[in-house]
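Chemist: build me a structure from this.
(chains A and B)
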Amino acid sequence: MTTRKPATFKLNDPSVIVRDPDDEMVRPARGTIQITPEADPSQLPVTIETPLAPVRRGFRWGALFWSALGGLVVLGAGVSAIRLIDDLFALNPGLGILGLVLAVATLIAVVVIAGREILGLSRLASIERLHARAAAALLSDDRSEGRVIVDELLKIARGNPRLARARASLEGHAGDIIDGADRIRLAERELMTPLDQEARRLISVAAQRVSVVTAVSPRAVVDILFVSVAALRMVRQLARLYGARPGALGMIQLMRHAVSHLAITGGVAASDSLIQQMLGHGIAAKLSARLGEGILNGLLTARLGLAAIDVIRPLPFAALPRPALSDLAKDLLNKRAGDE
Amino acid sequence: MAAMTSSISELRLVIDYQRENAATRTLTLDIVDYPGEWLLDLPLLDKTYEQWSAESLMLSRQGPRAKLAAGWHAQLATLDPLAHEDEQATLKAARLFTDYLRTCRDERFAMSLLPPGRFLMPGNLAGSPALTFAPLDVPNGAEAPEHSLWAMMQRRFEAYKDVVVRPFFRDHFARLDRQIVLVDALAAFNAGPEALHDLESALGGILDCFRTGRATWLSSLVRPRIDRILFAATKADHLHHLSHDRLEAILRRMVERAAHRAEMAGAAVDVVALAAVRATREAQVQRGRETLPSIIGIPAAGETANGDTFDGKMEVATFPGDLPANLDELFAGQHSFHGLSTKAGHDADFRFLKFRPPFLEKDDAGTPALPHIRLDRALQFLIGDRLT
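Modeler: Next up is the predicted model:
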């Protein structure tokens, strides 16, 4: 770029035209200079989300109760196991040794499982923290914070070979001077686009499966079992996709968050799509009760999936559009139409 | 608008606030404002009169300074450091030396490394005998003979350090725990590469005097340390916001070494382009095929550009020039760009005008607050952690 020399224009000069920014672009006459004042970005009203009333971090009596109870149960189990092994030794030394070996194996397995669960939980917690920090950085536009967040995001994405190209291109921008919020948006565009597409596919597959099985299943019990299994499977797949890999406790935590998120956002979304769903369900139910039930169950599964994405995605939706239920519903109905 | 700080002033602000956990707290904020020129004295504490003389002379013979120092140099040549002390000659030398320092600070040259700072900003010492000394061309490695001019200058330099610099350091500077350093990089761009280099070395010298480090409860009782430093490139309203990133990058580059040292010691460092009073609006100027990101404002009376002198009433749009993106080239040589110190006005690569503050329309809610740029970010960095 050639350097441009400084220049000064007097606004009362006859060859200078000050233009209203809302006016249409007019070709400036020869020799005139057009000046277009810009809207002031920093003077625009800033939207500040009022945070929910913070949870009182007092002493957690509930936690104490459950920990103490758990400790008692473990102690009881330990004592009864030792009694059992004693009895076995008294009966026959061979049986006693076998009992001891089994007890040790159980202990080792418990320790390993607990370790994995803790690891899964902490991964889940770190993703949720990252999500919150990214949301804060999008507001504050803090450059160093943005850089730290993108670095952590890259660390999470390191395990996913499908993101190799996106990672490389994002790392190529590491040295550039980018504002905090823009850097996070860039990272979202690069890293989350393929994951979001895959997530959408996973949800629509699960929703289709649920709706088909509900439509043809002979008994309600089968429905319930299948729907819950499919929903669990879908949430687990989504979590793995975004890099969380939760264990069993992690899954419980994640389902809890997803369902509570669904409860919060459900109210917001009710106005637009729930009515449509019910209407659609009504029409479908007129055609066939089972078909309508199937579609409703499928849509509910999809809704759960969307809530799970909100909870498990490391970045908030800022640059990319949030997948909407209507897109998924289209997938679902298209598929049905294609099948029949 | 640049309001000159000419003396030290303090303001105590008591902030009552409620914490997230509903507890009410009080934060007492002491704001200390002192002239940046006085900071230039801090590096003197470690120097002898001979070192300071040699450095001042060397600087005054370089670049555009040589021309400005001609008067003082002429008188200096007539002085013999070994001669008997002479009060009149000393007075004259001090006056000429002060004049030289003042001219260096003129808008066209915008030099920064001009110790001792009280010569420029005497504060309550204006006209005091503490300020009557000047560098001499003293021989290397020799001792000052008794009752010589040299010995007198040396005595006064030491007295200046003991009576003026040390009390300032002890009573004000050493008590700080948060520091904001306002840097007028745009004036240096107006003047030329020499001014920019000068600014860089002045900043480097000052920053070595900051006592930085993570604050602990013990250090905060006994010896406060600065645990957050904010470098602020001021007058960010004098250029289009698209260039703010570059301005920040340039300042970051200038304080890189000191910032690194401070971070190593555990202090947090940030760089921000800000304007405490936003005097301009932004606009795009279409000239032929070119679109120039510009600013609109009312230049202060007496400002000149392209041969026009402004009266403080007329509104103009100005494009100040593109700040360089390549920092290595910018800091590489003496000729990376042209400023007012070497070229006439219309050949300079940058022209940052001074603007008067905006007129505020009084409305129902009273007089609105002055608009600013990123003052909120600066406050968040400096005291945000104390208000959580």
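Chemist: just grab the bridge partners of residue B:233 for me.
Modeler: The partner list for residue B:233 in beta bridges (DSSP bridges) reads residue B:183, residue B:273.
Chemist: mind pulling up the pLDDT for it?
Modeler: In this prediction, residue B:233 carries a pLDDT score of 92.
Chemist: correct me, but it touches residue B:274?
Modeler: Yes. Taking contact to mean CB atoms under 8 Å, the distance of 7.2 Å between residue B:233 and residue B:274 places them in contact. In this view, the C-beta of every residue, glycine as well, is placed from N, C-alpha and C.
Chemist: and residue B:140, how far from residue B:53?
Modeler: With the distance defined as CB to CB, to the nearest Å, residue B:140 ends up 11 Å from residue B:53.
Chemist: er, residue B:96 actually
Modeler: As judged by CB to CB, residue B:96 and residue B:53 stand 15 Å apart.
Chemist: who's more crowded, those two?
Modeler: Neighbour tally, residue B:96 and residue B:53, criterion other CB atoms under 10 Å in any protein chain shown: the higher count belongs to residue B:53, 22 against 18.
Chemist: in terms of helices and strands, where is the more buried one?
Modeler: Here residue B:53 sits within helix B:49-60, counting by DSSP states H and E.
Chemist: just the helices in the stretch 101-250 of chain A please.
Modeler: Taking DSSP state H, counting those that start in this stretch to define them, one finds helices in the stretch 101-250 of chain A at A:143-157, A:164-172, A:180-187, A:193-216, A:220-241, A:248-269.
Chemist: check those helices for me and report the most buried one.
Modeler: For these, the largest average neighbour count (mean count of other CB atoms under 10 Å in any protein chain shown) is found in helix A:180-187, namely a mean of 21.
Chemist: now that one: how far from the chain's centre is it?
Modeler: On the basis of CA atoms, centre = their mean, to the nearest Å, helix A:180-187 is displaced by 18 Å from the centre of the chain it belongs to.
Chemist: low-confidence ranges, the stretch 1-150 of chain B, go.
Modeler: Screening the stretch 1-150 of chain B residue by residue with the criterion pLDDT under 70, one finds the ranges B:1-4.
Chemist: within range of chain A, give me the residues from it.
Modeler: Those residues of the stretch 1-150 of chain B that sit near chain A, judged by CB under 8 Å from any CB of the partner chain, are B:20, B:21.
Chemist: how about the strands in the stretch 1-150 of chain B?
Modeler: B:9-18, B:24-33 (DSSP state E, counting those that start in this stretch).
Chemist: and the angle for the last one with strand B:9-18?
Modeler: Taking axes from the mean of the first three to the mean of the last three CA atoms, to 10 degrees, one finds that strand B:24-33 is oriented at 160 degrees with respect to strand B:9-18.
Chemist: what is strand B:24-33 packed up against?
Modeler: Contact here means 3 or more CB pairs under 8 Å, 6 or more residues apart in numbering or on different chains; DSSP states H and E; on that basis strand B:24-33 packs against strand B:9-18.
Chemist: equivalent analysis for the first one, please.
Modeler: If you count contacts as 3+ CB pairs under 8 Å, 6+ apart, strand B:9-18 packs onto strand B:24-33.
Chemist: what does the strand it packs on contact?
Modeler: Outside strand B:24-33, the residues within contact range by CB atoms under 8 Å, 6 or more residues apart in numbering or on different chains are B:5, B:8-19, B:172, B:175-176, B:383, B:386-387.
Chemist: now swap in stretch A:143-155 and tell me
Modeler: Residues outside stretch A:143-155 that contact it (CB under 8 Å, 6+ apart) are A:126, A:130, A:133-134, A:136-137, A:167, A:170-171, A:178-184, A:186-187, A:191, A:314-315, B:270.
Chemist: report the contact partners of residue B:203.
Modeler: Remark: with contacts taken as CB under 8 Å, 6+ apart, residue B:203 is in contact with B:112, B:181, B:183, B:254, B:255, B:258.
Chemist: so what's the gap between the helix or strand hosting it and the chain middle?
Modeler: For residue B:203, the host element (DSSP H and E) is helix B:193-207. Here the centre of helix B:193-207 is set off from its chain's centre by 9 Å, with CA atoms, centre = their mean.
Chemist: now do the closest residue to residue B:237 other than its chain neighbours: how many residues are near it, please.
Modeler: Among residues not flanking residue B:237 along the chain, residue B:275 sits closest, at 3.9 Å (CB to CB, 6 or more residues apart in numbering or on different chains). Neighbour count for residue B:275, taken as other CB under 10 Å: 23.
Chemist: off-centre distance for stretch A:298-310?
Modeler: What separates the centre of stretch A:298-310 from the centre of its chain is 11 Å, taken as CA atoms, centre = their mean.
Chemist: what's next to that stretch, contact-wise?
Modeler: By CB under 8 Å, 6+ apart, the surrounding residues in contact with stretch A:298-310 are A:196, A:199, A:202-204, A:206-208, A:210-211, A:214, A:227, A:230-231, A:234-235, A:238-239, A:242, A:254, A:258-259, A:261-262, A:265-266, A:269, A:277, A:322-323, A:325, A:328-329, A:332.
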